[in-house]
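>>> Everything below, folded, please.
(one chain, ligands or ions: 1)
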Amino acid sequence: MPDILLLSGSPSANSRSEAVLHHAAGLLPRQGFTTPFVSVRDLPPEDLVLTKFDSPQLKQIQAQVAQADGILISAPVYKASYPGVFKALLDLLDQDALTGKVILPMATGGTLAHLLAIDFAMKPVLSVMGATHILKGIYILSAQIQFDADGKLQLEAEIEERLQAGIQSLVEAVNS
Ligand SMILES: Cc1cc2nc3c(=O)[nH]c(=O)nc-3n(C[C@H](O)[C@H](O)[C@H](O)COP(=O)(O)O)c2cc1C
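Reported below is the predicted structural model:
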């Protein structure tokens with residue numbers, strides 16, 4: 001069964017970009033994929049900051065990345081880019097860790113001014129790590145990410161449509 005890794009780049013405990021990530025994963029065909037989840041928060045902060053290549057948790061993440069056929073990434077925009085801790089995690093992966101993986105990048109940001117953070121900041125790094133099949137990114141404004149009284153994610157129809165289209169492209173690419 002193909003494996004689509006869910007990769008969260010947010011250091012926040014109550015993360016909107018991570019909520020979107022799980023929601024998007026829920027749009028995958030029910031029986032078709034395994035969907036392991038990895039967050040920058042899975043790695044002890046010291047291992048992340050001090051670039052500990054011998055970290056046991058890192059070994060596990062490296063194995064999960066190696067196993068993946070596709071990767072669904074979601075990260076917040078920080079300073080017109082993605083969080084430094086996410087870059088710290090990418091720095092701990094092998095130089096060619098993303099070779100042969102289909103990648104769907106997503107980002108949430110406070111302003112539309114940083115809409116191109118996916119293309120200008122995230123994609124070049126994914127490319128240098130070997131990714132050659134990076135799908136059109138999905139950018140969502142934080143203000144468009146709402147939760148109801150039960151904590152359930154509420155998204156506008158237009159965002160749902162973009163997520164559906166992105167997930168469909170990911171599924172087609174992984175299965176081709
Ligand atoms: C340190 C920091 C820097 C941020 N910088 C930007 C920015 O440059 N542009 C932007 O659109 N949003 C910026 N934001 C807002 C976040 O991108 C936005 O709230 C995002 O949805 C948070 O996602 P998260 O809950 O998954 O962390 C920043 C937020 C923080 C905490």
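
>>> Please name the bridge partners of the spatially most central residue of the chain.
A centroid search over the chain (C-alpha atoms, centre = their mean) returns Ile73, at 1.2 Å, as the residue closest to the centre. With DSSP bridges applied, the residues forming beta bridges to Ile73 are Leu7, Pro105.

>>> Over to the one 5 residues further on?
Bridge pairing for Tyr78 (DSSP bridges) gives the partners Ser81.

>>> Show the pLDDT at it.
Residue-level confidence at Tyr78 comes out at 98, pLDDT.

>>> ok, it - how many residues close by?
Around Tyr78 sit 19 other residues, with neighbours defined as other C-beta atoms under 10 Å. For every residue, glycine as well, the C-beta is placed using N, CA and C.

>>> Please apply the same query to Leu153.
Counted with other C-beta under 10 Å, the neighbours of Leu153 add up to 14.

>>> Next: Leu126.
With other C-beta under 10 Å as criterion, Leu126 counts 20.

>>> Verify the stated contact: the residue nearest to the centre of the chain with Val102.
No: Ile73 is not in contact with Val102 according to C-beta atoms under 8 Å; the separation is 11.3 Å.

>>> No further questions, thank you.
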